[in-house]
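# Take this sequence and fold it.
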Amino acid sequence: MKFDDRSLLFKMPTNILFVLNETATCKADDVERSISIIPVTFAEYTKAMSKPYKQPLKNQGWRLFQSTGSGVNYISEIIVKNGATLTNYRLRYVKRPTPIILSELKSSNLSIDGVDAVTECTLDPIIHPEIL
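Reported below is the predicted structural model:
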């Protein structure tokens, strides 16, 4: 469900630990430009929509985060200023690492993030000493 007519919906990866930066390319008046995407809460969005200037700044876009009822599919709504068309959206993020499990957890009816089998570390070996 979209909250804004100017927006596009994007399915986000479910393994995001935190977002580093977001940019997009949008086209307005036959000119393509790169804009920064700023995450906004619904409260901030509602407050901005009650003001006379109801759109992102010239070189900005807004991202409203949504989630489906199951909480599995993460959807973001990207809003650009009036008259602009979003042509490309890029997201840099740090991936949530998978758990490191040293012994089987099935016998104890336990799991970590739904995983109960022995798993190796998927992170770069250079940071193993920091983990330990």
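
# Let me see the domain layout of the protein.
The chain breaks down by automatic domain parsing into domains covering 7-95, 97-132.

# From these, pick the one with the highest average neighbour count.
domain 7-95 (a mean of 14; mean count of other Cβ atoms under 10 Å). (Each C-beta comes from the backbone N, C-alpha and C, glycine too.)

# one step back: any chance of JSON lines for the domains of the chain, columns mean pLDDT and distance to residue 1?
Below are these laid out as JSON lines (pLDDT from 0 to 100; distance: least, Cβ to Cβ, whole Å):
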{"stretch": "domain 7-95", "mean pLDDT": "84", "distance to residue 1": "8"}
{"stretch": "domain 97-132", "mean pLDDT": "80", "distance to residue 1": "28"}
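
# unless I'm mixing things up, residue 87 is touching residue 34, no?
No. Counting by Cβ atoms under 8 Å, residue 87 does not reach residue 34; the two are 10.4 Å apart.

# Identify the contacts common to those two.
24, 25 (Cβ atoms under 8 Å, 6 or more residues apart in numbering).

# Go ahead and measure how far the lengthiest helix in the chain is from the middle of the chain.
Secondary structure of the chain per DSSP state H: the longest helix is helix 42-49. Distance of helix 42-49 from the chain centroid (Cα atoms, centre = their mean, to the nearest Å) equals 19 Å.

# just stretch 92-104 next, same as before
Centroid separation for stretch 92-104 versus its chain: 18 Å, with Cα atoms, centre = their mean.

# On the strand side of things, show who the spatially most central residue of the chain bridges to.
Nearest residue to the geometric centre of the chain (Cα atoms, centre = their mean): residue 12, 5.2 Å. Counting by DSSP bridges, residue 12 forms beta bridges with residue 74.

# Before I go, just wanted to say thanks for your time.
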